[in-house]
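**Student:** model the structure of this input:
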Amino acid sequence: MDGYSYERQAIEHHLFERPRGVDAETGRPNPPRSPMTNADLVSDIVTPNIALRNAIRSFCESYPDMRIEPPEVNLQDVKAAVESMEKDGIQTSAGLQEQISQQQVEIQRLTNSLRTTREQNIQLREENIDLREENALLCEVNVLPHAPPGQHQRPCTPAAATALAASAFAVAPPGVQKEMIGEQIYPFVARHLGCGWSPPLTGKVTGMMLELDNSVLLELIGNEERMKERLDEAYRALQSNTVFMASLQRQVGSS
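**Tutor:** Model (predicted):
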């Protein structure tokens, strides 16, 4: 050896278990090297250092407090600890399984909710399509068939529009019939009263006209002169009401 002292287990591992490589020229294993000097060792025979062993033993006997004793291991405690860990692992696994089950139930609930919402959206879309078709039918009141190419299209008169939508008007509910008549009257009111009237005031006059019976309104749509007379009456009534309300507000303010 190299004259140094080592722990037996460590030096035997260094000499006999650690790979040393092969000499490229001779093909033989390389000789072991000294852990301290890294020089080649002439021999790998390990000789016990009895003097150093005795000195260490004497030191430990003189200073017992400095001796490090290996901890005592109670096999029962180890077994109990292992069983406790296994029990905790089982409980944790059961808790995870329960959480996974709850998440699966929640995912299924959300999936059903999304499916229901999609079906409702499809139904609403179909209803909207039906409403658009119904509105398109009702809009025939204001739209004439397209004129042939090269010909000018004449504006739709109330009588012609009523004739076009007669079938739709006949099967429509009373409320829808009133709306259809209002769509015919409103443009006529706007033209008759002039551009100086704002849309809200035009709407008020139209609303006053719609208080009449549907049969009377249909006759007025077909008779422009009588329609103008009725509009003049509604216009004067609205003006009188406006003057009355202004006078009443002044009286209230002065009192």
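
**Student:** for the stretch 101-250 of the chain, what are the low-confidence residue spans?
**Tutor:** By pLDDT under 70, the low-scoring segments of the stretch 101-250 of the chain are 130-167, 193-200, 242-250.

**Student:** got the confidence number for residue 51?
**Tutor:** According to the prediction, residue 51 has pLDDT 90.

**Student:** what helix or strand is it on?
**Tutor:** Here residue 51, judged by DSSP states H and E, is contained in helix 50-62.

**Student:** wait, residue 2 sits on residue 32?
**Tutor:** No - with contact defined as Cβ atoms under 8 Å, residue 2 and residue 32 do not form a contacting pair (9.9 Å). (Each C-beta comes from the backbone N, C-alpha and C, glycine too.)

**Student:** more neighbours: which of the two?
**Tutor:** residue 32 (19 against 16; other Cβ atoms under 10 Å).

**Student:** for that one, grab phi and psi.
**Tutor:** In terms of degrees, to the nearest 10, the main-chain angles of residue 32 are phi -70, psi 150.

**Student:** now do it against residue 232, distance only.
**Tutor:** 128 Å (Cβ to Cβ, to the nearest Å).

**Student:** what's the neighbour count on residue 80?
**Tutor:** For residue 80, using other Cβ under 10 Å, the count is 11.

**Student:** and for residue 45?
**Tutor:** For residue 45, the neighbour count with other Cβ under 10 Å is 8.

**Student:** surely it forms part of a strand?
**Tutor:** No - counting by DSSP: H, G, I helix; E, B strand; the rest coil, residue 45 is not part of a strand but coil.

**Student:** domain parsing of the chain, as residue ranges.
**Tutor:** 8-66, 71-141, 158-254 (automatic domain parsing).
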